[in-house]
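[1] test case, fold it:
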Amino acid sequence: MYGTLPCIAAMKMKYYFGHQRHTNMKAIYTTQHGSADKAFKQREIDKPTPKPGEVLVKVEGFGLNFADVMARKGMYRDAPPLPSLLGYDVCGTVEQLGEGVTNHRIGDRVTALTRFGGYAEYAITDARAAAKIPDTMNLAEATALTTQYCTAYYAAAYVVNLFPGDKVLIHSAAGGVGTALMQYARHKGCEIFATTGSASKVELLKKAGAAHVINTSTTAFDEYIEQATQGDGVDVIFDAVGASYIRKGIASLAAGGRIVCYGAADMSGSANVFSQLVKGIQFGIYHPALFMMNSKSLIGVNMLKIADYRPLVLQHCLQEVVKLYASGVFKPQVGKVFKASEIADAHHYLESRQSTGKVACRWD
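    Numbering: from 1, shown residues only. The predicted structure is shown next:
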């Protein structure tokens, strides 16, 4: 599953590249696609200067998301061309304000969404894509709120608006967004069906509030849903896997059900064109009549596009997420925090799918 505009009319976040710069800083560039061991090079570059509507953040550390892995492999279409500076979420202190910024002060500790450029000691962001946080909040929690929890809140509160008693299926429930969705669904009083491909995470998900935990390495989730709901299906599915999970998911929806697709992890294993084609076909081909007859919905979520074209929505989501954290509803799990110099190890750890909670890197 993460800059700004020269004027209000444009309302579109800009890439980190192209800003006026001065003073050196460290930045970790992706210089080639493929293995994390060979993909990254640390460089000394000029520090960026914020434009109107932007803030400059002195970065404590940055979070990792599965989109980083996809971009590193050359499989993320929105990523800038090589050499690229990845990174969608950062935690740090506001060091400089662009013209017109009134919602932040120099010295504010913030969590922020970056339109790339996060793997650096300083990062530029749209002022609306940053939220003030307490000094006691740790790095992993802060960066989780920005991308993963905003994605979950947007999907569950904006897109489908969960209701008490809804039967909700959350795929990859032990992951960052999955954890956030679990917490929000529990807060809304939903019956939670959670999937994981790891037997070691089954008990963790039960303790987290899942009424049903499905180990997909041994059990087909669609067959389990069929039996557990006596053929009625579930009301909402949150899917980060893609491919055949979408086709099976649509068949597992109750009348009026909604499936929200916010990732395609199943397509991340290989950049081979034939393999990608096969995975793409597994999504299925659908006619609108199929959805209308049973009042079902298939919805896609890409928070970078929301940030680009609906920045005020992003701002609201981030503000609400911070409030839900303060009230105890949202409790981000810390996966592991690496040194920035260990970026390759951090990518390996995230890619292994053995992590639970947010993976982040701190500047040495």
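[2] where does this structure have low pLDDT?
    1-22, 264-287, 354 (pLDDT under 70).
[3] just say helix, strand or coil for the residue of it positioned farthest from its centre.
    Largest separation from the mean C-alpha position in the chain: Q230, at 33.1 Å (Cα atoms, centre = their mean). Q230 falls in the coil class when you classify it by DSSP: H, G, I helix; E, B strand; the rest coil.
[4] quick one: S327 from Q148, how far?
    As judged by Cβ to Cβ, to the nearest Å, S327 and Q148 stand 18 Å apart. (C-beta placed from N, C-alpha, C; glycine too.)
[5] so the two - more neighbours on which side?
    Shown here are S327 and Q148; by other Cβ atoms under 10 Å, Q148 has more neighbours (29 against 9).
[6] quick one, what contacts that one?
    If you count contacts by Cβ atoms under 8 Å, 6 or more residues apart in numbering, Q148 has them with M1, G63, N65, G176, V177, T179, A180, P332, K358.
[7] from N103, how far off is it?
    To N103, Q148 is 23 Å away according to Cβ to Cβ.
[8] please apply the same query to K248.
    Distance of K248 to N103, computed by Cβ to Cβ: 44 Å.
[9] try F40
    F40 is 34 Å from N103, where distance means Cβ to Cβ.
[10] which one of the two has more residues nearby?
    Neighbour count, other Cβ under 10 Å: between F40 and N103, F40 has more, with 19 against 13.
[11] can you pull the contacts of that one?
    F40 makes contact with I28, Y29, T30, T31, I343, A344, according to Cβ under 8 Å, 6+ apart.
[12] which of these are buried? Put it as a ChimeraX command.
    Per 16 or more other Cβ atoms under 10 Å, the buried members of the contacts of F40 correspond to this ChimeraX selection:
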select :28,29,30,343,344
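[13] among the contacts of F40, which are in helices?
    Using DSSP state H, I343, A344 are the members of the contacts of F40 that sit in helices.
[14] just to revisit the earlier point, just give me the closest of the contacts of Q148 to T23.
    Within the contacts of Q148, proximity to T23 (Cβ to Cβ) peaks at G63, which comes in at 24.6 Å.
[15] who does that closest one bridge with?
    A360 (DSSP bridges).
[16] next helix or strand past the helix ranked longest in the chain?
    In the chain, taking DSSP H as the definition, the longest helix is helix 311-326. Next in sequence after helix 311-326, counting helices and strands by DSSP states H and E, comes strand 334-339.
[17] what residues does that following strand touch?
    The contact list for strand 334-339 (Cβ under 8 Å, 6+ apart) reads 61, 138-141, 176, 345-346, 349-350, 355-364.
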